[in-house]
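Peer 1: what follows is a predicted protein model with its sequence.
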Amino acid sequence: MPTQAKIDEVARLKEKLENAVALVLADYRGLTANEMVELREQFTKQGLEYRVVKDTLARIAANEAGMEELAALIEGPIGVTFGYEDPGIAFKLNEECRKKYAPRYELRGGLFEGALVAEAEVKRYATLPSREELLAKLAMLLSSPMRALAFMLKAKIRELATVVSEVAKKREEEPGQPAEPEISDEQAEPAETEPAAEPKAEDQQEEAEPAAEPEADDQQDEADEEATPEPEGRQEEPESSEQPEESQQQEQQEEQEEEA
């Protein structure tokens, strides 16, 4: 009948198997106690967990976690490396330990992000770059086009500056060139436009003078008419025209009276 300690150990192993992104199984029985301490410290520094488990309890935990293929690789006392962040580091460090402690440290296989890894494939997975290495390569690939563009722009700017300086030198070396040709041209342009402006002013003055003379003559005539008094004979003309008519009427009346 299993004890409570074994039941708790199976539950802990099952939880670790389900949470790990990488598992590496290794036969450690050829290592000394000091070498095992050194190996654990090396794995811990890289964020890995290394545990020595009994094969029966490990198989039960693997079966309960749904990892029957992994349970078939567990035989005898075995060391298990649990990786929770970067799956490549677990395989890389175990391959380094295998080379260092060979032939006393042998790898049995493992899991890489849920995929079963056979014993013959452990070396291939150990050569995979780590996450940091992949991110560094990705950053280099992304930055390389920008770096090339910046280098090309700098080169073009440098070439343009060289061309401008060469043109300036050639202009300084050429003899007989006026110092400021543009200023002389600008000064000559207003001289050509001045004669064209003078006739306009004269024409306007000529047009304005004849128009002003009749107005002055009219005003002078009105002033003369107002200043000259009318003769008295002209003012009494209407009275003289009325007197003959009255005298004629009187004569007619006198004639009528005589006849009567």
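Peer 2: Nice, thanks for sending it over.
Peer 1: which residues of this structure score low on pLDDT?
Peer 2: Using pLDDT under 70 as the threshold, the predicted model of the chain has low-confidence ranges 1, 129-138, 140-149, 151, 175-247, 258-260.
Peer 1: what about the helices in it?
Peer 2: Taking DSSP state H as the criterion, the chain carries its helices at 4-19, 33-45, 55-64, 68-72, 87-101, 122-126, 131-173, 181-227, 232-235, 237-259.
Peer 1: flag every buried residue along the fourth one.
Peer 2: By 16 or more other Cβ atoms under 10 Å, the buried positions in helix 68-72 come out as 70-71. Every C-beta, even on glycine, is put in place using the N, C-alpha and C of the backbone.
Peer 1: tell me which other helices or strands it touches.
Peer 2: Applying 3 or more Cβ pairs under 8 Å, 6 or more residues apart in numbering; DSSP states H and E, one finds that helix 68-72 contacts helix 55-64.
Peer 1: residue contacts, the closest residue to Glu49 other than its chain neighbours?
Peer 2: The spatial neighbour of Glu49 that comes closest, neighbours along the chain excluded (Cβ to Cβ, 6 or more residues apart in numbering), is Phe82 at 4.3 Å. In this structure, Phe82 makes contact with 16, 20, 22-23, 48-51, 90, judged by Cβ atoms under 8 Å, 6 or more residues apart in numbering.
Peer 1: rerun at 10 Å
Peer 2: Phe82 sits next to 13, 16-17, 19-24, 43, 48-51, 90 when contact means Cβ atoms under 10 Å, 6 or more residues apart in numbering.
Peer 1: what do you get for Asp27?
Peer 2: Remark: with contacts taken as Cβ under 10 Å, 6+ apart, Asp27 is in contact with 75-79, 104-108.
Peer 1: let's go with 8 Å and repeat that
Peer 2: By Cβ under 8 Å, 6+ apart, the residues touching Asp27 are 76, 78-79, 105-108.
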